[in-house]
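Undergrad: Following is a predicted model, sequence given first.
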Amino acid sequence: AQSVSQHNHHVILSEAASLELGCNYSYGGTVNLFWYVQYPGQHLQLLLKYFSGDPLVKGIKGFEAEFIKSKFSFNLRKPSVQWSDTAEYFCAVTRPAHSGAGSYQLTFGKGTKLSVIP
Amino acid sequence: DVKVTQSSRYLVKRTGEKVFLECVQDMDHENMFWYRQDPGLGLRLIYFSYDVKMKEKGDIPEGYSVSREKKERFSLILESASTNQTSMYLCASRSRVNQPQHFGDGTRLSIL
């Protein structure tokens, strides 16, 4: 079955540590890739997206992600985390709708909770 | 800024009730979506709509229906609520294919 896998359920880091959250997807063909973040009590927000071009994309708040097509991966990175990065992070991938009507659905991974210790 | 507004942050209903969750977006977006979010399961798509009066089943449509009579409003209906529908429900909208989705704050629904 087509799916999006996030390798870590919960990651705990100290401030200033480097972060890498894994995301792998199983779709063939063209995909669009996203990372969303959900801070405690807030709505989901877009961190960054990849559609085409440079496979290293930069997002908000110092986050970046690298698309490696051969590995079906889109890992999220940040060189130095802060306490305010404590949140849940979701990787998402578009895939064609069943109807072929051209409306691409997002499939989400199960999320990774990041806790940053001051 | 895109604003996606869900009518309630918290809702408590009883088993067997018909439940309506409302979502309104203010950016004239074509596409709208309903998800449920459960711990350890991420977000799962219930239904989506790519235009007025159009709807498509997502991954878990059983027990739900939707209505999109106007472009800005997308309603999720639980025909006969059951306890396994206790969850956080998220609405999202998108201007068109290949654009990011914008999410509402969510409705935490408890079915007793």
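TA: It's in.
Undergrad: Can you pull the residues of chain B lying near chain A?
TA: B:4, B:31, B:33, B:35, B:40-45, B:48, B:50, B:56-59, B:90, B:92, B:97-98, B:100-106 (C-beta under 8 Å from any C-beta of the partner chain). All C-beta atoms are positioned from the backbone trio N, CA, C, and that covers glycine.
Undergrad: Narrow the residues you listed to just the buried residues.
TA: Taking 16 or more other C-beta atoms under 10 Å in any protein chain shown as the criterion, what is buried in those is B:4, B:31, B:33, B:35, B:42-45, B:48, B:50, B:56-58, B:90, B:92, B:97, B:100-106.
Undergrad: Quick one: name whatever helix or strand follows the helix or strand of chain A with the lowest mean pLDDT.
TA: The helix or strand with the lowest mean pLDDT-type score in chain A, counting by mean pLDDT, DSSP states H and E, is strand A:105-108 (a mean of 86). Downstream of strand A:105-108, the next assigned helix or strand under DSSP states H and E is strand A:112-117.
Undergrad: buried stuff in that next one?
TA: Within strand A:112-117, the residues scored as buried using 16+ other C-beta under 10 Å are A:T112, A:L114, A:V116.
Undergrad: in the sheet, who's paired with B:C91?
TA: Note on B:C91: beta-bridge partners by DSSP bridges are B:W34.
Undergrad: doesn't B:V4 make contact with it?
TA: Yes - in this structure, B:C91 is within contact of B:V4 by C-beta atoms under 8 Å, at 5.9 Å.
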